[in-house]
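J.: how would this look folded up:
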Amino acid sequence: MMTRKTSQKVAIVKQIAIIPLIAALGFLFSTKVAAQDNPTLLKQKQTEYSKVDASQKLVDEYKAKLEQYRVITKEGKYNKDHNLTIAEKNELALLYLKLSKKQQGDQDIVFDAMPGPSPKSVPTKEKLEAWKNPNVYGVWIDGKKVDNSVLNKYANTDFSQGDATYVSKNARIGKKYFMQVDLMTNDYYKKYCEERITRLKNDKYVMGRRVIFNNPQSKKTTKELDSKSLLNQKVKLDNEQKALLNLQKKELDNKKDSKSLSDQKLKLDKEQQALLLDQQKKELDNKQNSKSLSDQKIKLEKEQRAEMNSLIIAKYEKDMEFKKNNPKWMKDQEAKIKELKIKLEKEQKAQQEQK
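T.: Numbering: from 1, shown residues only. Have a look, this model is predicted:
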């Protein structure tokens, strides 16, 4: 059987490809519900409702309570500055759940059961490795933004929750990543579950606001919306894939340029080292030549002194031999010296008398 490994780049593209499909399904509807207890949208359908229409008295009571608790104004507009207590929210939710499905669909303020803790979902090693890319992912661990390199300190089993979500264009202005990763460490996830379960004992419902889209597209059929939405999402996905491929190409080019510069630096270092060795060799040769010349000069001077000494000794020996063999000459020389001394004494005496 042949097997193949999915590369990190392909894994990223696949994750991105899922996002438009989810968005396309949501686009088919003409309403959306915005959660007030947290910034995320309500993802659950309204599952609790009466099978028959409630009385108009109950509907009026529900709207009156919304106004009484300042969730809506007298004009029926939503008041974002309301300060609804848990008890008041539970009271409103119980009234809302007594309405029929059709009656609930007519309400701007909606309720649903508070979701329990998210199920444990340990990320794979491949996902953890892919999330280290700061050009694609922004990383949050236990609710805090961290640098992607921090993931090098963790194994995938250190997390009980981890998933990547798409960041809208408006939300990623000034950021280089377009996917957000939210991770919960094992201890943090355990604490999160305990707190959520404790909260559910009293805070059982979540309140949201239904926003009606008033645009020409709301009159179009589901088929038309589906076709156009999928086409738009396909174009969007193609653009994202192109951007990702261009980004990866730039990274690859940078790596090639870096390797080329490294090779050039290595080559230059080798040339400089060879030049230095050649220079040191020449200096050593010059030193050796200089020493050789100095040795030759010393040797020559020694030879010259030896030859001079030999000549002096030979002359002395010759003079001594001559004097030995000529005694008369020696007497003549002694007489001449005596006469010179007498003459010199007379001259000195005459000079003294003149003074």
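J.: show me where this protein has helices.
T.: Under the criterion DSSP state H, helices of the chain are mapped to 8-27, 56-68, 86-96, 101-105, 125-130, 186-200, 222-325, 327-354.
J.: ranking those helices by mean pLDDT, which is last?
T.: Least confidently modelled of those is helix 8-27, at a mean of 45 by mean pLDDT.
J.: which residue sits closest to residue 86, ignoring its sequence neighbours?
T.: Distances taken as CB to CB, 6 or more residues apart in numbering place residue 203 nearest to residue 86, at 5.0 Å, with adjacent residues excluded. Just so you know, the C-beta spots here come from the backbone N, C-alpha and C atoms, and that holds for glycine as well.
J.: let me know the pLDDT of that neighbour.
T.: The per-residue pLDDT reported for residue 203 equals 87.
J.: contacts only, for it.
T.: Shown in contact with residue 203 (CB atoms under 8 Å, 6 or more residues apart in numbering): 86, 89, 90, 114.
J.: most neighbours of all these, which one?
T.: With neighbours defined as other CB atoms under 10 Å, the most crowded of the contacts of residue 203 is residue 89; it has 21 neighbours.
J.: who's in contact with stretch 145-161?
T.: 118, 120-125, 127-128, 131-134, 137-141, 162, 182-186, 188-190.
J.: quick one: which of those sit in strands?
T.: Residues of the contacts of stretch 145-161 located in strands (DSSP state E): 137, 138, 139, 140, 141, 162, 182, 183, 184, 185.
J.: now render the residues you listed as TSV, adding distance to residue 307.
T.: Formatted as TSV, those follow (distance: CB to CB, whole Å):
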residue	distance to residue 307
137	94
138	96
139	94
140	99
141	96
162	100
182	102
183	98
184	103
185	98
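J.: buried residues in stretch 150-160, which are they?
T.: By 16 or more other CB atoms under 10 Å, the buried positions in stretch 150-160 come out as 151, 156, 158, 159, 160.
J.: separation between the second one and residue 123?
T.: Pointing back at residue 156 there. Distance of residue 156 to residue 123, given as CB to CB, to the nearest Å: 5 Å.
J.: return every residue with contacts to both of the two.
T.: Common contact partners of residue 156 and residue 123 (CB under 8 Å, 6+ apart): residue 162.
J.: how close does the residue nearest to residue 86 get to residue 182?
T.: Separation of residue 203 from residue 182 (CB to CB) stands at 22 Å.
J.: and if you look at residue 238?
T.: Separation of residue 238 from residue 182 (CB to CB): 27 Å.
J.: more neighbours: which of the two?
T.: Higher neighbour count among residue 238 and residue 182: residue 182, with 15 against 11, using other CB under 10 Å.
J.: so what's the more buried one up against?
T.: Taking CB under 8 Å, 6+ apart as the criterion, residue 182 is in contact with 140, 161, 162, 163, 165.
J.: tabulate the residues you listed in TSV, adding columns for neighbour count.
T.: Formatted as TSV, the contacts of residue 182 follow (neighbours: other CB atoms under 10 Å):
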residue	neighbour count
140	13
161	21
162	22
163	13
165	12
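J.: determine which two of these are furthest apart.
T.: Spatial extent of the contacts of residue 182 (CB to CB) is set by the pair 161 and 165 at 12.6 Å.
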